[in-house]
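**Student:** predicted coordinates and the sequence they were generated for:
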Amino acid sequence: ILQHSNNLGAAWVGNVVGAKNLRGYFINFGFGDKLGVDLEGEDTGIIRALSEWRDIDLATASFGQGISATPLQVVMAFSAIANDGVLMKPFLVEKIIDESGRVITKFEPKVLKKVISKSSAKTMVEMLTSAVSGGEAKFFVSEKYLVAGKTGTAQIPIEGKYDPNKTNATFVGFLPKGKKFVMLVKLEEPKTSVYASETAVPVWMDISESLAAYYRIPPDR
């Protein structure tokens, strides 16, 4: 299902999980609320109340329509998968110093919650790695590093309907053998192709190889 971005299969999984549990996972991973990053203008995304969900809403939410999430929320959710199921609070500023160089405030990593078990996180890493190596993006993946990630080719909502000809192309992922970063690349209405596997993925791979060199992560392929 992940390799082929199969919406029908995702809807089947959503039906097995159920609306209450699926929505609960969205909330636990930080969707529908602010994560509290130290930056103005953070949005919550939209996860509607369970009482508003119909059967069709469960099906579409399973593959990402009818809900919305910010890029930061998606990155943090993937970070939790990479981090053995632990969701962290994001922050930008490491420390605040005065004119003399004295540290006034220092910000430390903060755990928000455990969202899935360590074993489930490991399973997800394996699935996401297979999704990249054997999925739609396999022709554009890095030749140096294994990558765990997922494409997102999202139709754009306009006046309550999804435009059939316009998409936002996204790829989010990390290096499972060197978990120094999680990165999301989003292209709004790309012209060369509507598919993320042909647009966002090559950009992500180029940037990730530069980051890997910066972090001195040795190649693993």
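**Tutor:** On my side now, so go ahead.
**Student:** where does pLDDT dip in this structure?
**Tutor:** By pLDDT under 70, the chain contains no weakly predicted segment.
**Student:** next one: the longest helix seen in it to chain centre, how far?
**Tutor:** In the chain, taking DSSP state H as the definition, the longest helix is helix 118-134. In terms of C-alpha atoms, centre = their mean, to the nearest Å, the centre of helix 118-134 is found 13 Å from the chain centre.
**Student:** tell me how far the spatially most central residue of the chain lies from M183.
**Tutor:** Against the mean C-alpha coordinate of the chain, by C-alpha atoms, centre = their mean, the closest residue is V74 at 3.4 Å. Using C-beta to C-beta, to the nearest Å, one gets 11 Å for the distance from V74 to M183. (Each C-beta comes from the backbone N, C-alpha and C, glycine too.)
**Student:** who touches both of those two?
**Tutor:** V172 (C-beta atoms under 8 Å, 6 or more residues apart in numbering).
**Student:** and stretch 211-221, what's buried?
**Tutor:** Residues A212, I217 are the ones in stretch 211-221 that count as buried (16 or more other C-beta atoms under 10 Å).
**Student:** that stretch: end-to-end distance?
**Tutor:** End-to-end span of stretch 211-221 (C-alpha to C-alpha, to the nearest Å): 16 Å.
**Student:** what's that stretch in contact with?
**Tutor:** Stretch 211-221 has contacts (C-beta under 8 Å, 6+ apart) with S142, E143, K144, Y145, L146, L175, K177, G178, K180, F181, M183.
**Student:** redo that, cut-off 6 Å
**Tutor:** Here stretch 211-221 makes contact (C-beta atoms under 6 Å, 6 or more residues apart in numbering) with K144, Y145, L146, K177, G178, K180, F181.
**Student:** neighbours of I46, just the number please.
**Tutor:** Using other C-beta atoms under 10 Å, I46 is surrounded by 11 other residues.
**Student:** my error: substitute S210 in the last question.
**Tutor:** 9.
**Student:** what angle separates the helix or strand hosting it from helix 118-134?
**Tutor:** Using DSSP states H and E, the element containing S210 is helix 200-214. Going by axes from the mean of the first three to the mean of the last three C-alpha atoms, to 10 degrees, helix 200-214 is angled at 110 degrees with respect to helix 118-134.
**Student:** return the distance of helix 200-214 from the chain's centre.
**Tutor:** In terms of C-alpha atoms, centre = their mean, the centre of helix 200-214 is set 16 Å apart from its chain centre.
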